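> Here's a sequence, model it:
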Amino acid sequence: MGFGDLKTPAGLKVLNDFLADKSYIEGFVPSQADVAVFDALSGVPQTDLCHALRWYNHIKSYQKEKASLPGVKKPLGQYGPAGVQDTTKAAHAVADEDDDDIDLFGSDEEEDEETTRIKEERLAAYNAKKSKKPALIAKSSILLDVKPWDDETEMNKLEECVRSIQLDGLVWGQSKLLPVGYGIKKLQIACVVEDDKVGTDQLEELITAFEDYVQSMDVAAFNKI
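Next up is the predicted model:
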């Protein structure tokens, strides 16, 4: 079904829900898929669509280099929720091809030998995979201070925007509000990141993009795990 008309509230709602657990339209890096959807928007999403707004601000930072982003642009209707349906069709097609390869008139002995060979190959592959120790992944525990503009900033909405940032290798933890002065409170929130995938500069760029709520972001503590 795709996103529909992204110039309407209904289309933007579909886009916002789609990005609730994704950083990009396809894959884990910006691509022509993001450019195609970005260009279909008529403007900046409203602040209540925090997932779409976070994605919009991030892709906007690539506008000068969007032509060099990987991938090939496809029609807008091929992006979005419809991908699940397409994958199902592809799986059925593969299954049909596999069925065509079966020799219905072969002997039982040939089938037994082939079945045994496949089982042995799969068992050997499983044992080889199981014997490999997982590679050590370098992680860090980070404590962030996120400061609002003033004492009228909705801090629950600010935290919701921060937690809407979903990246591969990022896990949000506990948070609390701490007084700064003059009735202003800052959000202190913890997170764990995989060092090879997420950096503090990237987090700062994404968090401060919610400029209606966030004045600045600082790293209060940084520890290797």
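> and stretch 210-223, how far from the chain's centre?
21 Å (C-alpha atoms, centre = their mean, to the nearest Å).
> residues of that stretch that come out buried?
210, 213, 214, 217 (16 or more other C-beta atoms under 10 Å). (Glycine included, C-beta is placed from N, CA and C.)
> now the residues you listed as JSON lines including distance to residue 9?
Formatted as JSON lines, the buried residues of stretch 210-223 follow (distance: C-beta to C-beta, whole Å):
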{"residue": "210", "distance to residue 9": "20"}
{"residue": "213", "distance to residue 9": "21"}
{"residue": "214", "distance to residue 9": "25"}
{"residue": "217", "distance to residue 9": "30"}
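> Now the two most distant members of the residues you listed.
213 and 217 (11.3 Å; C-beta to C-beta).
> Tell me the helix or strand right after the lowest-mean-pLDDT helix or strand in the chain.
Every helix and strand of the chain was ranked by mean pLDDT, DSSP states H and E. The lowest is helix 82-100, at a mean of 44. Using DSSP states H and E, the helix or strand that directly follows helix 82-100 along the chain is helix 108-131.
> can I get the CA coordinates of that next one in PDB?
Listed in PDB are the C-alpha atoms of helix 108-131, where the atom choice follows Å, rounded to 0.1, in the frame of the first residue of the first chain:
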ATOM      1  CA  ASP A 108      13.100 -43.500  -3.500                       C
ATOM      2  CA  GLU A 109      16.700 -44.500  -3.200                       C
ATOM      3  CA  GLU A 110      17.800 -41.300  -5.000                       C
ATOM      4  CA  GLU A 111      15.600 -39.200  -2.800                       C
ATOM      5  CA  ASP A 112      16.900 -40.800   0.300                       C
ATOM      6  CA  GLU A 113      20.500 -40.200  -0.700                       C
ATOM      7  CA  GLU A 114      19.800 -36.600  -1.600                       C
ATOM      8  CA  THR A 115      17.900 -36.000   1.700                       C
ATOM      9  CA  THR A 116      20.700 -37.600   3.700                       C
ATOM     10  CA  ARG A 117      23.300 -35.400   1.900                       C
ATOM     11  CA  ILE A 118      21.400 -32.200   2.600                       C
ATOM     12  CA  LYS A 119      20.900 -33.100   6.200                       C
ATOM     13  CA  GLU A 120      24.600 -33.800   6.700                       C
ATOM     14  CA  GLU A 121      25.600 -30.500   5.000                       C
ATOM     15  CA  ARG A 122      23.200 -28.600   7.200                       C
ATOM     16  CA  LEU A 123      24.400 -30.300  10.300                       C
ATOM     17  CA  ALA A 124      28.000 -29.600   9.400                       C
ATOM     18  CA  ALA A 125      27.200 -26.000   8.800                       C
ATOM     19  CA  TYR A 126      25.300 -25.700  12.100                       C
ATOM     20  CA  ASN A 127      28.100 -27.300  14.100                       C
ATOM     21  CA  ALA A 128      30.700 -25.000  12.400                       C
ATOM     22  CA  LYS A 129      28.600 -21.900  13.300                       C
ATOM     23  CA  LYS A 130      28.000 -23.100  16.800                       C
ATOM     24  CA  SER A 131      31.700 -23.700  17.400                       C
END
